[in-house]
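K.L.:
sequence first, predicted coordinates after that:
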Amino acid sequence: NLENLWAQCEKPFQDLFTQLKSGLTNDRYMKIYTQVYNYCSSQNDGVLKEFYPKILSLLNGKATEIIEGGTHLSEDELLLFFRNKWNDWKFSTRVLKSWLEPVNKIHQSDNSNKSTNIGNSQNPPQSKILQDGLTAWKQAAFDKMHNRLTGSLLRIVKNDREDRDSSNLQVLSDTLECYVQLGSDKNKLDVYQANFETKFLQETEAFYKVESLDHVAKNGIPAYMRHIAKRVEEERSRVLKFMPISTLDKLDPLLNKTLIIDYKEEFANKFLDLLLENKEDELAMMYNLLLRVDHLETLRIKLQEFIKSEGLKEIEKDLKEAQEKPQVLVKILLEVYNRFNKLIKTAFNNDPKFLSAMDQSFSVVINSNPASYDQKKKESNIPVVLAKFCDQILKKGPYHISDEAELENKLSEAVCLFKYLPDKDIFMLNYQKFLSKRLVEDLSASEDAEASMINKLKTHQGFDYCTKLTRMINDMRLCKDINSNFQNYLNEANLTLPYTFNFYVLTGGSWSLTNKTSSTPFKPPTEMLPSLTYFEKFYKNSYKGRVLNFLYDFSRAEVDSRQVRGKIYKLSTTAYQMAILLMLNTTDKVTRFQVLDTIGLDEMNVRLPLLSLIKSGIIDTDVADHKEWNNETTFSINTKFTSKKMKVNCNIPVQIGDTKTSEGQQTVSNTEIEKERYFKLQAAIVRIMKSKKVMNHNELVVETTNQMTKWFSPKIPTIKKAIEYLIEQEYIRRTSDDNQSQRKYEYIA
């Protein structure tokens, strides 16, 4: 019965709370458990009504008895006393729960029946003994002491912040666990939030408001940033280790506002100084701090303006040299690009918005700098400058980079600049011209480097952008086979040539090479005729249907000169210069009339090779000023010619009018650019219409513009003109709609 059970259990239950350190034997534990179990089995109805109220009374009494021992303690002593007694109470109630497990099962069964009757499907609550144990502790201990406890806990946090004492942090953690455990079932954190968290956040804000003002005034922004970065990490770490993690969601915004947002103006004002001093670590710190609060826009705008001003300033330092030498301008641009690209990578974590800011500002630097921008024409010649730079480092000469790794790096950097060009077609036309010259005149320093550059452009712009360049390289490779086959053809036919000839057979549509216009065609010298005749016959037999067109403007020759007794100079000449020199093999002097008659070119096209030969010192003339030349003007070999080099280049630039020029040198004119663009527009419109079949005017203009942007930005009138031309040529037509505004374009198959 109940009296016998309580007589056996009351003392062990009380000892469980007051004599915990004495321990409990297994036999005694099992004896009490068995007695409780037997009673619950036989007196089911009386368990909750008669037995359990005694347990509840014992819990309340023991909680009151235990906590009375700490009533007169000091604040810090009370906190340690409370923490230790709380840990003991937790253990004691768990043991009591184990003893009273049969009681708990009856309670759960009773609750389950009630829930079924009312249709409640909620999960059963936790153990009633543990629940009532927490309630007893809250009413007897926590409710009376929480103000003093919270004050002590906040002092522990303050001491830790001020590096005075960190030894009681575990006490903080254990005590706050009590705050959490005492929460209600609906919100387990309500006691913790009401009694600690709110005050903790208030004190945190007040502490850092005072400290931050003082720190900025004494140490400045860079030191302050290092300080708050450390502070934020400390605060987060303390919460993660010793407090419920939900506090972090409230602490972070508070720290962000108090330590960062309130000083965003000071950060922005210091940003330019850090950029000027190139303080990457401080810039990275500022970026990471402002990233936390999403206040980076001001920095992005300031960086964009700074890159633009710094880039233009660097160019203006060496403006004259940058205007004259492509390599100087490109070197400056690459230095600026690499400087800020590295800065954004290291300090701003390659932030897409900061990269976009750099792209926008660097686009201004590269396209509107005073060294390349023509104010009168309102256009930049940077595409030409970049093409010249690539030509210089890829061809044999003083600017070629022999180290493969360094050359590869420079080509990659050149492509980085290339992506900022708005008129990429101008770059390509000039690059194609320079590549033609390098390949035809055997000036290319490395076939691998040429292929690498083409692949880089192809990767950036697409395959169709580099189609002609790829064909040019392939043509040069095929030329080796063609010349080898030609030599076999000569051997089989028992034919011999008086000189060594090498032919470049180039695909007409891929190479931008054309002879200059002349009123009369060039007449090759007799020494050349057998080779030309044999090769034409060989080629036509080998490749049916192909037409050969000899480009004498780009043909080169090596002529042995014995004009000075005892010395043999090797003269590197053009085909036209060679023809003139061969005339002087049989006579001491020739007149301009004889030159024109023998070579066949008109006066304008003969002037340049003659002037180059005169300037190089190979021949003399009786009239120094070429403007006064006439048909009687004579030209003769210079018998006093001397040179330190045995190989002499005769194709040197000469001044004619306002510009220097040489044979085979061709620049891309505005007319040629406009013509090329017009063809591209027509091709794009036909492709679009072939795909879409029917489109209205605005749709066609937008789609055409989108397709052309990787080459250039087309003007609307030019697109309209191309559309009208294609209508005339019957590629497309307008639909026959009565309402003109509703008319569309239709593709004609």
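P.N.:
That came through fine.

K.L.:
any stretches of the protein with poor pLDDT?
P.N.:
43-47, 110-126, 657-667, 737-742, 749 (pLDDT under 70).

K.L.:
centre of the chain to the biggest helix by length in it, how far?
P.N.:
The helix that spans the most residues within the chain, counting by DSSP state H, is helix 198-242. Put simply, helix 198-242 sits 34 Å off its chain's centre (CA atoms, centre = their mean, to the nearest Å).

K.L.:
and the next element down the chain from that helix?
P.N.:
helix 246-255 (DSSP states H and E).

K.L.:
any residues touching the helix or strand just after that next one, and which ones?
P.N.:
Downstream of helix 246-255, the first helix or strand assigned by DSSP H and E is helix 264-277. Identification of contacts with helix 264-277 by CB atoms under 8 Å, 6 or more residues apart in numbering yields 216, 221-222, 225, 260, 282-283, 286, 289-290, 293, 295, 298-299, 302-303, 306. C-beta: built from backbone N, CA, C; applies to glycine.

K.L.:
between helix 264-277 and the longest helix of the chain, find me the angle.
P.N.:
40 degrees (axes from the mean of the first three to the mean of the last three CA atoms, to 10 degrees).

K.L.:
what packs against helix 198-242?
P.N.:
On a contact count with 3 or more CB pairs under 8 Å, 6 or more residues apart in numbering; DSSP states H and E, helix 198-242 meets helix 143-161, helix 169-181, helix 246-255, helix 264-277, helix 280-292.

K.L.:
what are the contacting residues of the second one?
P.N.:
Spelled out, it's helix 169-181. Here helix 169-181 has contacts from 79-80, 82-83, 86-87, 90, 134, 137, 142, 149, 153, 156-157, 160, 188-189, 191-192, 195-196, 238, 241-244, using CB under 8 Å, 6+ apart.

K.L.:
now the last one
P.N.:
When contacts are defined by CB under 8 Å, 6+ apart, helix 280-292 is touched by residues 222, 225-226, 228-229, 232, 252, 256, 260, 264, 267, 270-271, 274-275, 296, 299, 343, 346-349, 351.

K.L.:
how far away is the residue lying closest to Leu58 once chain neighbours are set aside from His107?
P.N.:
Counting by CB to CB, 6 or more residues apart in numbering, Leu58 lies nearest to Phe13, which is 5.7 Å off, once chain neighbours are set aside. Separation of Phe13 from His107 (CB to CB, to the nearest Å): 17 Å.

K.L.:
hey, C-alpha coordinates of the helix or strand containing Pro383 in PDB?
P.N.:
Element membership of Pro383 [criterion: DSSP H and E] is helix 382-394. Extracted C-alpha coordinates of helix 382-394, given in PDB (Å, rounded to 0.1, in the frame of the first residue of the first chain):
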ATOM      1  CA  ILE A 382      43.800  51.400 -80.500                       C
ATOM      2  CA  PRO A 383      42.800  48.400 -82.600                       C
ATOM      3  CA  VAL A 384      45.600  49.300 -85.100                       C
ATOM      4  CA  VAL A 385      48.100  49.900 -82.200                       C
ATOM      5  CA  LEU A 386      47.300  46.500 -80.600                       C
ATOM      6  CA  ALA A 387      47.600  44.800 -84.000                       C
ATOM      7  CA  LYS A 388      51.000  46.500 -84.500                       C
ATOM      8  CA  PHE A 389      52.100  45.400 -81.000                       C
ATOM      9  CA  CYS A 390      51.300  41.800 -81.800                       C
ATOM     10  CA  ASP A 391      53.100  42.000 -85.100                       C
ATOM     11  CA  GLN A 392      56.200  43.400 -83.300                       C
ATOM     12  CA  ILE A 393      56.500  40.600 -80.800                       C
ATOM     13  CA  LEU A 394      55.600  37.800 -83.300                       C
END
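
K.L.:
all further residue positions should be reported with the first residue as 44.
P.N.:
Sounds good: first residue 44 from here, last item helix 425-437.

K.L.:
send me stretch 50-70 as PDB with only the CA atoms.
P.N.:
The C-alpha coordinates for stretch 50-70 follow below in PDB (Å, rounded to 0.1, in the frame of the first residue of the first chain):
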ATOM      1  CA  ALA A  50       8.000   4.600   4.200                       C
ATOM      2  CA  GLN A  51      10.500   2.700   2.100                       C
ATOM      3  CA  CYS A  52      11.100   5.400  -0.600                       C
ATOM      4  CA  GLU A  53      11.000   8.800   1.100                       C
ATOM      5  CA  LYS A  54      14.500   8.600   2.600                       C
ATOM      6  CA  PRO A  55      16.200   7.400  -0.600                       C
ATOM      7  CA  PHE A  56      14.400  10.100  -2.600                       C
ATOM      8  CA  GLN A  57      15.500  12.800  -0.200                       C
ATOM      9  CA  ASP A  58      19.100  11.500  -0.100                       C
ATOM     10  CA  LEU A  59      19.100  11.600  -3.900                       C
ATOM     11  CA  PHE A  60      18.900  15.400  -3.600                       C
ATOM     12  CA  THR A  61      20.800  16.100  -0.400                       C
ATOM     13  CA  GLN A  62      23.300  13.300  -0.200                       C
ATOM     14  CA  LEU A  63      24.100  12.900  -3.900                       C
ATOM     15  CA  LYS A  64      27.900  12.500  -3.300                       C
ATOM     16  CA  SER A  65      27.300   9.500  -1.000                       C
ATOM     17  CA  GLY A  66      26.400   7.500  -4.100                       C
ATOM     18  CA  LEU A  67      23.800   4.700  -4.700                       C
ATOM     19  CA  THR A  68      24.300   1.000  -4.800                       C
ATOM     20  CA  ASN A  69      22.900  -1.100  -7.500                       C
ATOM     21  CA  ASP A  70      21.000  -3.300  -5.000                       C
END
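
K.L.:
to the chain's geometric centre, what's the distance from it?
P.N.:
The answer for stretch 50-70 is 71 Å, by CA atoms, centre = their mean.

K.L.:
for it, buried residues please.
P.N.:
52, 55-56, 59-60 (16 or more other CB atoms under 10 Å).

K.L.:
stretch 590-604 now?
P.N.:
Quick answer for stretch 590-604 (16+ other CB under 10 Å): 593-600, 602, 604.

K.L.:
cool, stretch 314-327 as well?
P.N.:
So, applying 16+ other CB under 10 Å, buried residues of stretch 314-327: 314, 317-318, 322-323, 325-327.

K.L.:
redo the buried residues of stretch 50-70 as CSV? Include distance to Leu91.
P.N.:
What follows is the buried residues of stretch 50-70, written out as CSV (distance: CB to CB, whole Å):
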residue, distance to Leu91
Cys52, 16
Pro55, 21
Phe56, 17
Leu59, 21
Phe60, 22
